[in-house]
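Engineer: Here's a sequence, model it:
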Amino acid sequence: MQPASSNKQRAIGVFDSGVGGLSVMREIARLLPHEDIVYFADSANCPYGPRLPQEIRWLSRGIVEFLLSQGAKIVVVACNTASAAALSYLRRTFAVPIVGMEPAVKPAAAITRTGKVGVIATRVTFQGELFAKLVERFATGVEVYTQVCPNLVRRVEAGLLDDAGTEELLREYLTPMLEAGIDSLVLGCTHYPFLREAIERVVGPGVTVIDPSPAVARQVGRVLEREGLEGPRTRRGQHVFYTTGDPATFAAMVERLIGEQGQVRGARWEEGGKLAPLGWP
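Structural biologist: Numbers count the residues shown, from 1 in each chain. Purely as a prediction, here's the structure:
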């Protein structure tokens with residue numbers, strides 16, 4: 001997919017460290033079926049959670065440059081870790097509209113009955129200024145319990161969504177918050193919605209699980225409308241996927257996770273933080 005002559009006909013660019021951002025792309029495609037989408041997965045460097053913020057900013061800049069070269073008119077940072085580490089930097093660096101992820105602390109605080117909410121995410125997400133501001137603004141009088149969840153992203157990337165090992169990890173991570181009395185749980189990583197069924201089994205019916213992906217899709221729609229970038233509604237949008245990992249493996253995960261048999265192409269990192277496509281399938 002290459003840049004078109006009209007900005008309105010160009011694509012929504014979406015990126016994540018791997019397959020997690022497909023949960024956001026799925027919601028964007030549902031809400032805006034007429035829009036083209038270019039999805040980029042930096043599978044070779046996944047997961048981003050253990051990486052340093054400056055490294056995540058460097059990777060994110062290269063990906064945004066690549067998405068712009070492929071015709072993106074707006075970029076969605078469909079990764080909570082990259083949003084925490086790089087969103088402000090990306091907005092200062094690029095003129096294109098950029099939509100990021102933020103843990104859904106506001107809705108969780110609004111619906112809690114016990115005054116106790118839980119958030120699961122990566123270390124970088126919790127350390128970022130964005131999360132601290134969210135808690136300060138929207139969780140006054142509410143206790144916010146946080147939990148870093150090592151290994152969950154790797155299990156999603158491996159397709160281990162509903163096995164005993166994944167559920168055991170979830171029980172380990174979630175039990176302290178459940179014992180503290182939380183009644184809402186925020187999924188603070190875009191990989192986690194693919195574990196929603198297992199998470200809901202662990203937390204039980206008394207805890208509301210909140211996925212911010214639909215809200216992000218609505219924000220993308222609002223930004224496109226505000227900027228006059230909405231594509232023609234008389235057509236069906238095309239979806240193209242790039243990965244720095246193995247295209248065949250990624251294609252299988254795309255089909256499994258969001259039910260698409262999409263065009264998956266390879267890309268590689270070159271010197272200087274540049275990305276290059278590996279050619280057409």
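
Engineer: Buried residues of stretch 84-93, list them for me.
Structural biologist: A84, A85, A86, L87, S88, Y89, L90, R91 (16 or more other CB atoms under 10 Å). Where C-beta positions appear, they are placed from N, C-alpha and C, glycine not excepted.

Engineer: Please name the residues that touch the third one.
Structural biologist: Read it as A86. The neighbourhood of A86, defined by CB atoms under 8 Å, 6 or more residues apart in numbering, consists of P53, I56, R57, S60, R61, V77.

Engineer: Which of those sits closest to V19?
Structural biologist: V77 (15.4 Å; CB to CB).

Engineer: just checking, next helix/strand downstream of the one helix or strand P214 maps to?
Structural biologist: Of the helices and strands defined by DSSP states H and E, P214 is found in helix 213-226. Counting by DSSP H and E, the next helix or strand C-terminal to helix 213-226 is strand 239-243.

Engineer: Which strands or helices does the following helix or strand past that following strand pack on?
Structural biologist: Next along the chain after strand 239-243, taking DSSP H and E as the criterion, comes helix 247-258. Contacts defined by 3 or more CB pairs under 8 Å, 6 or more residues apart in numbering; DSSP states H and E place helix 247-258 against helix 22-31, strand 239-243, strand 263-270.

Engineer: now those in JSON lines, with mean pLDDT, mean neighbour count and distance to A104?
Structural biologist: Conversion of those to JSON lines gives the following (pLDDT from 0 to 100; neighbours: other CB atoms under 10 Å; distance: least, CB to CB, whole Å):
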{"stretch": "helix 22-31", "mean pLDDT": "98", "mean neighbour count": "23", "distance to A104": "13"}
{"stretch": "strand 239-243", "mean pLDDT": "98", "mean neighbour count": "23", "distance to A104": "25"}
{"stretch": "strand 263-270", "mean pLDDT": "95", "mean neighbour count": "18", "distance to A104": "30"}
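
Engineer: just the buried residues of stretch 84-93 now: which is nearest E225?
Structural biologist: Nearest to E225 out of the buried residues of stretch 84-93 is R91 (CB to CB; 19.1 Å).

Engineer: how close does that closest one get to K106?
Structural biologist: Distance of R91 to K106, given as CB to CB, to the nearest Å: 20 Å.

Engineer: try P47
Structural biologist: Look at P47 and K106: by CB to CB, they are 26 Å apart.

Engineer: hang on, the earlier thing: can you list the neighbours in contact with the helix holding P214?
Structural biologist: Residues contacting helix 213-226 (CB under 8 Å, 6+ apart): 12, 23-24, 26-28, 30-32, 35, 73-74, 76, 78, 97, 99, 101, 104, 107, 190, 193, 229-231.

Engineer: Just the buried ones among those residues, please.
Structural biologist: Using 16+ other CB under 10 Å, the buried members of those are 12, 23-24, 26-28, 32, 35, 73-74, 76, 78, 97, 99, 101, 104, 107, 190, 193, 229-231.

Engineer: Which parts of the stretch 51-200 of the chain are helices?
Structural biologist: 53-69, 80-93, 105-111, 123-127, 129-138, 152-157, 164-180, 196-203 (DSSP state H, counting those that start in this stretch).
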